[in-house]
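Engineer: show me the folded form of this:
(chains A and B)
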Amino acid sequence: MKIVHLPLLALLLAVLLLAGCDRPLSGPPLRIGYMNCNSAAETVQRFHPLTVYLQERLGVPCETVPVDTQDFEGRFAAGEFAFGHFNSLLYVILKENLDIELLATEMRGQYGSSTAGGIIVRADSPIRSLDDLRGKRMLYGPQLAPTGYLAQYDLMLQAGLDPERDLAYYAIPHGSFKHEKVIYGVYFGEYDVAAAPMLDLEIMIREGKVNADDFRVLAQSDIIPYCTFGAAKGADPQLVAKFRQALLDLTPETTVEIAGERVKVLKAAWIDGFEARTDEDYDPIRGMARRANMPPYQEF
Amino acid sequence: MPRDRFDQILLAALAVTLTGLGLLLLVPGASTGQVASPALSRQVEKEMLSQARLSLLERRYAPVHRLLDQGELSAAMLKLEELSRDLPGEVHSNLLRGDVLWRMGQLDKALTQFALAVRGNPDYVDAASPLNQRDLIEAALTQGLPQVRDRLRSQPGSRVLEQVLRDGYYLQSRLAGGCE
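Structural biologist: From the prediction side, this is the model:
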């Protein structure tokens, strides 16, 4: 081999080696806001694999940002993140106030990408109907929970009951795992009646924490969309389309590698899959919020 | 003493007949016809399994049927979830879940559940079976399929709806007598 060919050969080798390597993603990270269900730590643990998956699919660095429910609108409006995962009432609020774009709706449990709120009492309770709730002690979920607060509040209003006046007392549990606390509050007899998300009750039954026979369902709301992914109005349309498709392409077998382990993305996030829904599907929530004088239609 | 060849034939026939009768009396159950062919035995076994399964389903799912009769659909759904702890993978849960979802107006989800049930146990579309649910499935298809097609027109490319449509066509095919 002639000596003049050596630099050429070295250059070719270097090009081939570089082409074989994974190039690190560059640029500012795409921040994805995830609404906290129980705690920021739990949110990061659940959704980090999903963020890694999205990073792989979108080809841009992505970051998981846990967000408190009450702070979501303000932080979204401030441009802290262009994409977010939140409950369906927050979607309605963000759509109304910030004109966000609907991407996909999460599927989980027996109702798929939908769920419902229920008003439950213990099976041995003398309370047989909504009318019997007058003067009783009730436990609700957090105020921005569509199926842990809004749906039950609206059910009572539609039945001619004003929760503010007709109940003896109502409360919202402190801290994390509020929905479980609500269900246990009735189960252990601390409260007469509870505003239970049917999905949480279903999961507690599946896990053997309670039995179906322990409770009586006094009423169940309309079946409404579950947690939702949305994109900011000004987000890059191509990125939005890729983001949506990446969500819809997820299957239970989709995995990502994290710290040398293959992790199932949906299983880690407690999600069964994603479904494309329309904005009109959220109209029943809008109706509930209007009747209950709640955001985004609240009037003082 | 046999006097001629004819007597000898008669005596031989008598001996064969007596021997045969003796064998029939000695072999237990032979006279009552209880020794069945393997094919018949399998048929009886199949029938017994079918009866036992029917009895089990009736007993275990009785609370769900009671709740359905009372119109307590939410409670029926929760009871089905509870039963799935003890009977994971039992497709009768899918059938009843489909029934509840159909009554709740969740037609697309009902079709998916019915398809799971029929794939797991074709007796649900067998008119001669005690598990026959053809009327229920036909009613869900009549109402559900046009709705799913309409939604798919407004949401082209929806994989969930496309799968529901495939489930609907599968059920139609099975109701029409088609194979898997």
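Engineer: next SSE downstream of the helix or strand harbouring residue A:63?
Structural biologist: Using DSSP states H and E, residue A:63 falls within strand A:62-67. Using DSSP H and E, the helix or strand that directly follows strand A:62-67 along the chain is helix A:72-77.
Engineer: which residues touch that next one?
Structural biologist: Residues outside helix A:72-77 that contact it (Cβ atoms under 8 Å, 6 or more residues apart in numbering or on different chains) are A:33, A:35, A:67, A:81, A:84, A:86, A:90, A:93-94, A:97-98, A:100, A:232. Using the backbone N, CA and C atoms, a C-beta is placed for each residue, glycine as well.
Engineer: if we go to 6 Å?
Structural biologist: A:35, A:67, A:86, A:90, A:98 (Cβ atoms under 6 Å, 6 or more residues apart in numbering or on different chains).
Engineer: what's across from the first one in the sheet?
Structural biologist: Here residue A:35 shows beta-bridge partners residue A:67, assigned using DSSP bridges.
Engineer: so it touches residue A:88, yeah?
Structural biologist: No. The pair residue A:35 / residue A:88 is not scored as a contact, 10.8 Å apart, by Cβ atoms under 6 Å.
Engineer: more crowded one of the two?
Structural biologist: Applying other Cβ atoms under 10 Å in any protein chain shown to residue A:35 and residue A:88 shows that residue A:88 carries more neighbours, namely 26 against 20.
Engineer: assign the residue nearest the centre of chain B to helix, strand or coil.
Structural biologist: When Cα atoms, centre = their mean is applied to chain B, the residue found nearest the centroid is residue B:123 (3.4 Å). Using DSSP: H, G, I helix; E, B strand; the rest coil, the structure places residue B:123 in helix.
Engineer: who's in contact with it?
Structural biologist: B:129, B:131.
Engineer: again, only using 8 Å
Structural biologist: Here residue B:123 is in contact with B:129, B:130, B:131, B:132 (Cβ under 8 Å, 6+ apart).
Engineer: identify the farthest-apart pair in those residues.
Structural biologist: B:130 and B:132 (7.0 Å; Cβ to Cβ).
Engineer: so, low pLDDT: which residues of chain A?
Structural biologist: Scanning chain A for pLDDT under 70 picks out the ranges A:1-24.
Engineer: ok, now chain B?
Structural biologist: In chain B (pLDDT under 70), the answer is B:1-2, B:27-36, B:179-180.
Engineer: quick revisit: the more surrounded of residue B:130 and residue B:132?
Structural biologist: residue B:132 (14 against 11).
Engineer: and the residue nearest to that one when sequence neighbours are not counted, how close does it get to chain A?
Structural biologist: Excluding the flanking residues, the one nearest residue B:132 by Cβ to Cβ, 6 or more residues apart in numbering or on different chains is residue B:126, at 5.9 Å. According to Cβ to the nearest Cβ, to the nearest Å, residue B:126 stands 27 Å off from chain A.
Engineer: got the residues of chain B near chain A?
Structural biologist: By the rule Cβ under 8 Å from any Cβ of the partner chain, the part of chain B lying against chain A is B:63, B:72-75, B:77-82, B:84-85, B:97, B:101, B:104, B:106, B:109, B:154-155, B:157-160.
Engineer: any of the residues you listed buried? List them.
Structural biologist: B:63, B:72-75, B:77-82, B:84, B:97, B:101, B:104, B:106, B:109, B:158, B:160 (16 or more other Cβ atoms under 10 Å in any protein chain shown).
Engineer: next step: these restricted to strands.
Structural biologist: Among those, no member is found in strands (DSSP state E).
Engineer: next, count neighbours for the residue nearest to residue B:132.
Structural biologist: Quick note: residue B:126 (other Cβ under 10 Å) scores 15 neighbours.
Engineer: likewise the one 3 residues further on?
Structural biologist: Each residue near residue B:129 was counted by other Cβ under 10 Å, and the total is 15.
Engineer: so which strand or helix has it?
Structural biologist: Going by DSSP H and E, residue B:129 is not in any helix or strand.
Engineer: again, but for residue B:119
Structural biologist: Short version, using DSSP H and E: residue B:119 is in helix B:107-120.
Engineer: overlap in contacts of residue A:35 and residue A:88?
Structural biologist: Residues touching both residue A:35 and residue A:88 by Cβ under 8 Å, 6+ apart: residue A:227.
Engineer: all helices of the chain, in order?
Structural biologist: I'll assume chain A. Along chain A, the stretches classed as helices by DSSP state H are A:5-20, A:40-58, A:72-77, A:88-98, A:151-158, A:163-166, A:178-187, A:198-206, A:237-249, A:265-269, A:283-291.
Engineer: my bad, chain B
Structural biologist: Going by DSSP H, chain B shows helices at B:5-26, B:38-60, B:62-69, B:73-86, B:91-103, B:107-120, B:134-154, B:159-175.
Engineer: which positions in chain A make contact with chain B?
Structural biologist: Residues of chain A lying near chain B by Cβ under 8 Å from any Cβ: A:107, A:110-114, A:116, A:118, A:198, A:201-202, A:205-206, A:208, A:211-213, A:215-217, A:220, A:223, A:248, A:273, A:275-278.
Engineer: do I have it right that residue A:110 meets residue A:203?
Structural biologist: No. Taking contacts as Cβ atoms under 8 Å, residue A:110 lies outside contact range of residue A:203: 10.2 Å.
Engineer: quick one: which of these two has more around it?
Structural biologist: With neighbours defined as other Cβ under 10 Å, residue A:110 and residue A:203 compare such that residue A:110 has more, 21 against 17.
Engineer: quick one, what contacts that one?
Structural biologist: Contacts of residue A:110 by Cβ under 8 Å, 6+ apart are A:202, B:77, B:80, B:81, B:97.
Engineer: among the contacts of helix A:72-77, find me the one that's closest to residue B:178.
Structural biologist: Nearest to residue B:178 among the contacts of helix A:72-77, with distances taken as Cβ to Cβ, is residue A:86, at 44.4 Å.
Engineer: residues contacting the residue nearest to that closest one when sequence neighbours are not counted?
Structural biologist: By the measure of Cβ to Cβ, 6+ apart, the closest residue to residue A:86 outside its immediate chain neighbours is residue A:35, 4.2 Å from it. Neighbouring residues of residue A:35 by Cβ under 8 Å, 6+ apart: A:43, A:67, A:69, A:72, A:84, A:85, A:86, A:87, A:90, A:227.
Engineer: distance of the second one from residue A:232?
Structural biologist: The span separating residue A:67 from residue A:232 equals 14 Å under the rule Cβ to Cβ, to the nearest Å.
Engineer: so what's in contact with these two at the same time?
Structural biologist: residue A:81.
Engineer: more neighbours: which of these two?
Structural biologist: Higher neighbour count among residue A:67 and residue A:232: residue A:67, with 25 against 21, using other Cβ under 10 Å.
Engineer: just checking, what packs against the helix holding residue B:119?
Structural biologist: Helices and strands touching helix B:107-120, by 3 or more Cβ pairs under 8 Å, 6 or more residues apart in numbering or on different chains; DSSP states H and E, are helix B:91-103, helix B:134-154, helix B:159-175.
Engineer: what does the last one contact?
Structural biologist: Around helix B:159-175, the neighbours that count as contacts under Cβ under 8 Å, 6+ apart are A:107, A:112-113, A:248, A:273, A:275-276, B:108, B:111-112, B:114-115, B:118-119, B:122, B:125, B:134, B:137-138, B:141, B:144-145, B:148-149, B:151-152, B:155.
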